[in-house]
Each structure stands twice: as structure tokens, then as C-alpha cells.
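> pasted the sequence and its predicted model underneath.
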Amino acid sequence: MRIGAELCLLVVAAAGLALPAGAGDKRQAYAVVAGTVFQDAGFALPGAQVQLKVKTPPEGVKAPKPQKSVSDARGEFAFHVPAGKAEYIVSVQAPGYSGEEKSAAVSADERVDVYFQLKAVK
């Protein structure tokens, strides 16, 4: 009986390996809105508050909620959004700098980059 159980487990394991990659995988396609925040001197600006809001949601997809992030040591940030034609507003603020906002248009499962160069407040 023990040999039969081991053989059964072996057959089940082999069947699992024979499945094509991604079989049963139901991940939703997404796009990325990313970018970099710079100081007016051209150097990266870490610690900037970045917010992404939906201006025009993708058709047939529930509109994503506003997202917040902070630029990293290289001034970079990124947001995952549903794939599909949509428009987003990305705004950036940092202490001692004037805020700025830009539009980011997504058309499919792609990466869209947005760059900011904030000016110091005098």
C-alpha cells in the first residue's frame, strides 16, 4: 500500500509540473506612472510628497483611489494603476520648494514617466 501512495503522489506532482506557465494565473494587467523629482539645481530631491489622483478613469475598471508616495534617495517614485486608457494628475510638494502638478496619460499596460523640477521658495 505504501508504494501505491507514493506513486500516486508522484503522479500528482508530475501533473502539476506539466501545467503551462501562468495556468490558472488571474493577475490583472497594470500600468506604471513613475518619475523623478529634481531640485532647481538639477539634483535629485528625496523626501518629496507625491500624490496621484484619477482625472479620467480607465473604461470598464473601477477608478483607483488616490495614492501617496515619497520620493526615494534618488528622487524617484512609482505608482501601479489599472491598464487601459486613463488620465492621472501627479502632484509633488516638498518643504522649501514650490509645489507642482502634471498630467500623465496611460493608454495600455505601459510605463509613463513624469519629471518634476521644483524651484526653491525664497
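Nice, I can see it. Residues are numbered from 1 along each chain as shown.
> contacts and neighbour counts: CA atoms only from here.
Will do.
> check what pLDDT the residue most central in space within the chain gets.
Centroid-nearest residue in the chain, with CA atoms, centre = their mean: residue 80, separated by 2.2 Å. On pLDDT, residue 80 comes in at 95.
> repeat for residue 95
96.
> identify the residue spatially nearest to it, adjacent ones excluded.
Counting by CA to CA, 6 or more residues apart in numbering, residue 48 is the residue found nearest to residue 95 once chain neighbours are left out, at 7.9 Å.
> what's the distance between the one you found and residue 85?
27 Å (CA to CA, to the nearest Å).
> more crowded one of those two?
residue 48 (25 against 15; other CA atoms under 10 Å).
> give the contact list for that one.
37, 70-71, 75, 92-95 (CA atoms under 8 Å, 6 or more residues apart in numbering).
> again, only this time at 7 Å
70-71, 92-94 (CA atoms under 7 Å, 6 or more residues apart in numbering).
> name the next helix or strand downstream of the lowest-mean-pLDDT helix or strand in the chain, please.
Comparing helices and strands within the chain by mean pLDDT, DSSP states H and E singles out helix 2-17 as the least confident, with a mean of 48. As assigned by DSSP states H and E, the chain's next helix or strand after helix 2-17 is strand 30-39.
> helices or strands up against the helix or strand that that following strand is followed by?
Proceeding C-terminally, strand 30-39 gives way to strand 49-56 as the next helix or strand, assigned by DSSP H and E. Strand 49-56 sits against strand 67-70, strand 86-93, with contacts defined as 3 or more CA pairs under 7 Å, 6 or more residues apart in numbering; DSSP states H and E.
> now find how far off-centre strand 49-56 is within its chain.
Centre-to-centre, strand 49-56 and its host chain are 12 Å apart (CA atoms, centre = their mean, to the nearest Å).
> just the CA coordinates of that strand, formatted as PDB?
Output of strand 49-56 as PDB, limited to C-alpha atoms (Å, rounded to 0.1, in the frame of the first residue of the first chain):
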ATOM      1  CA  GLN A  49       5.500  64.100  -1.100                       C
ATOM      2  CA  VAL A  50       4.000  62.700  -4.300                       C
ATOM      3  CA  GLN A  51       0.200  62.200  -4.900                       C
ATOM      4  CA  LEU A  52      -1.600  60.500  -7.800                       C
ATOM      5  CA  LYS A  53      -5.300  61.300  -8.500                       C
ATOM      6  CA  VAL A  54      -7.500  60.000 -11.200                       C
ATOM      7  CA  LYS A  55      -8.700  62.600 -13.700                       C
ATOM      8  CA  THR A  56     -10.300  60.200 -16.200                       C
END
